[in-house]
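S.K.: Turn this into a structure:
(2 chains)
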Amino acid sequence: MNYKELSNLIYPELAHTPEEYEAMYPARELPEGAKVTRLGPSPTGFIHLGNLYGAFVDERLAHQSNGVFYLRIEDTDDKRFVENAVETIITSLDFFGINFDEGVTQTGDIGTYGDYTQSHRGEIYRTFAKELLSKGLAYPCFLTEEEITAIREQQDAAKLTPGIYAGWSKYRDWDKDPAIEAEIISRLEAGEPYVIRLKSNGAANVSAEDAVRNTVVDAVRGELSVPENFQDIVIIKQTGIPTYHFAHVVDDHLMRTTHVVRGEEWLPSLPIHVELFHDLGWELPVYCHTAQLMKIGEDGNKRKLSKRKDPELSLDYYRSQGYHPAAVREYLLTILNSNYEEWREANPDAPIEDFEFTCEKMSSSGALFDLDKLNDVSKGVMLRIPAADIAAWLGKWSKEFAPEYAYVFKDMNYLEQILDIGRHDARPRADLVYARQIMDFISYFFEESFEIVDEYPAEAAADAEEIISRYLDSYDHSDDNEIWFSKIREIATDMGYAAKPKDYKKNPDDYKGHVGHVSTVIRIKLMGRAQSPDVWTIQQIMGEETVRARLSK
RNA sequence: GGCGCAUUGGUCAAGAGGUCAAGACGUCGCCCUCUCACGGCGGAAUCCAGGGUUCGAUUCCCUGAUGCGCUACCA
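M.R.: Below is the predicted model of the structure:
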């Protein structure tokens, strides 16, 4: 029996030939330089910051080159499937502004290079597996788990590289041994389970410097010298489903992906992909192996973001804390491209799309996620969003994640005024960070959440009652900021406080305290806390009634 | 164990064979100031180690260390 006959025995009837698939999915007609990228999540229903990080690279690369960005569902691991996962993936990415041009959507596939769900593409994978079989570049393998374990033990004992490769699977060279040929045929006919393995051309167990190497250009890391693969890796599992390696090669070729963006954990399997592309006679895509986002583990060491261990890094965490998607995007870009911050400083109001993202500017070592930095970036982003938009966005957030704050949204006009305090000054305030923080920051504006949390300053505590009553007596809601403050000064000096903090600092013995202490007493009575924006402005927004009520309580 | 990738302040990082080794976040101090925030000024803080090449290496080479990853019919 020759290779072709064996391939026909394994896959007797297939709808199309490889050539037909090539014709069905022709090279894309796109403008010069357009990049085709894809996101290929497994439907585990969990997307974290690291996924978003990668998705941004794909999205930017495609969209800034007028290319195509598509979503492919990589569900070749049947054990990991989670219900509704696809919906979760699409909606969470959409929330952060990641939109696909093609591929799987909630209402079916879009585009002519599908099907975009790997589990629906069995026929295609079989066709190309058959192609490899018929050329003697793949073979059926009946090794059982026990046999493989035994092989591994022998290899360990002999200090050889573990795995199935030349010399270890008797099925590899079936064509040279009639007995094995007969065994394969009879087991195939009996319907016994088997996998299809690549019959690698590489030489096994040669030293690192003697290994044959190929040069692959990686857009992030530059030239990579990748050693030749020699492992007979599985391309089609017992279930008939392809492994990632095979699906990646077939899909990215047929879907005409130009740039494969993936995490650096794939670097070690690059040799496999290089061989597969070569065996199928296809051109390699441009690889962009990105560094992983890391975090500090319990042991104080850096480690990869983990789905299991870091639920707080799930995208939902940021949504529920109420980080604005634009802030998360902005932060991601700052760690994605080292020249982004500089660009942003020069173009404070430009849309993010104007920034020219490049793989070359990506770091090849993993960055730690930095919440402080995110918060800082967020302040700047929030400043650029109009108060009305923030108010509306907060309302949506509250409905979904924090209904207990419903009272904040009863009067949207009131809320907008609150959010806008000090934001249009020459040196605007930047104190809005994320929704939960904002709820706390503005809590004193609402009777529902107003409470006295700070104590009067020691310098003025004894006089607090008198300060409040004098203040209330002199209070005129129509005073402008200047008159209002001159009255505070008057109360302060009257009662033995310095009109200027400097005077008090110079001669602390001449005064009980300074005007700041006096105004802090008022601030605490009114806002419940020692720190807040300008008192006069807050009073104007709160309204006379509330001000008088709080002062007289 | 083998293989791969990485290594500049606490964090993110720029950088070139000769620099006072950018900048941002954080931190500390001062200034502005009714508090806070904003803003301004200033400080502390970094080239993993050892060899080699060189007049000179943080930069180039080697070795080691450390971290991360891969070593599945998971992706």
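
S.K.: For residue A:417, which non-adjacent residue is closest in space?
M.R.: In space, and not counting its chain neighbours, residue A:417 is closest to residue A:541: 4.9 Å by CB to CB, 6 or more residues apart in numbering. Just so you know, the C-beta spots here come from the backbone N, C-alpha and C atoms, and that holds for glycine as well.

S.K.: what secondary structure does the one you found sit in?
M.R.: Put simply, residue A:541 is helix when judged by DSSP: H, G, I helix; E, B strand; the rest coil.

S.K.: Pull the number of nearby residues for it.
M.R.: A count of neighbours around residue A:541, defined by other CB atoms under 10 Å, yields 14.

S.K.: Check residue A:441 and give its pLDDT.
M.R.: As predicted, residue A:441 sits at a pLDDT of 95.

S.K.: Thought residue A:435 was touching it, still the case?
M.R.: No - Residue A:441 is not in contact with residue A:435 according to CB atoms under 8 Å; the separation is 10.2 Å.

S.K.: now residue A:327: how far from RNA strand B?
M.R.: In this view, residue A:327 and RNA strand B are 13 Å apart by CB to the nearest atom of the strand, to the nearest Å.

S.K.: so what's that residue up against?
M.R.: Neighbour list for residue A:327: A:374, A:377-378, A:381-382, A:434 [criterion: CB atoms under 8 Å, 6 or more residues apart in numbering].

S.K.: Now for these, which sits with the most neighbours around it?
M.R.: Highest neighbour count within the contacts of residue A:327: residue A:377, with 25 neighbours (other CB under 10 Å).

S.K.: more neighbours, residue A:441 and residue A:435?
M.R.: Per other CB under 10 Å, whichever of residue A:441 and residue A:435 has more neighbours is residue A:435, with 23 against 18.

S.K.: For the spatially closest residue to that one that is not a sequence neighbour, grab the count of nearby residues.
M.R.: Nearest residue to residue A:435, sequence neighbours excluded (CB to CB, 6+ apart): residue A:322, at 2.1 Å. Here the number of neighbours of residue A:322 (other CB under 10 Å) works out to 22.

S.K.: quick one: residue A:322 and residue A:433 touch, right?
M.R.: No - using CB under 8 Å, residue A:322 is not in contact with residue A:433, being 9.1 Å away.

S.K.: Can you name the residue of the stretch 451-553 of chain A nearest to RNA strand B?
M.R.: At 3.0 Å from RNA strand B, residue A:516 is the closest residue in the stretch 451-553 of chain A, using CB to the nearest atom of the strand.

S.K.: For that residue, which residues are in contact?
M.R.: Per CB under 8 Å, 6+ apart, neighbours of residue A:516: residue A:501.

S.K.: and the helix or strand hosting it, how far from the chain's centre?
M.R.: Using DSSP states H and E, residue A:516 falls within helix A:515-527. Relative to its chain's centre, helix A:515-527 lies at 44 Å (CA atoms, centre = their mean, to the nearest Å).

S.K.: For it, list the C-alpha coordinates in PDB.
M.R.: Coordinates of each C-alpha in helix A:515-527 appear next as PDB, following Å, rounded to 0.1, in the frame of the first residue of the first chain:
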ATOM      1  CA  VAL A 515      -8.300  80.900  58.500                       C
ATOM      2  CA  GLY A 516      -7.800  77.400  57.000                       C
ATOM      3  CA  HIS A 517      -8.800  75.900  60.300                       C
ATOM      4  CA  VAL A 518     -11.900  78.000  60.400                       C
ATOM      5  CA  SER A 519     -13.000  77.100  57.000                       C
ATOM      6  CA  THR A 520     -12.200  73.400  57.700                       C
ATOM      7  CA  VAL A 521     -14.700  73.500  60.500                       C
ATOM      8  CA  ILE A 522     -17.300  74.800  58.100                       C
ATOM      9  CA  ARG A 523     -16.300  72.300  55.400                       C
ATOM     10  CA  ILE A 524     -16.700  69.400  57.800                       C
ATOM     11  CA  LYS A 525     -20.100  70.700  59.000                       C
ATOM     12  CA  LEU A 526     -21.200  71.000  55.400                       C
ATOM     13  CA  MET A 527     -19.400  68.100  53.700                       C
END
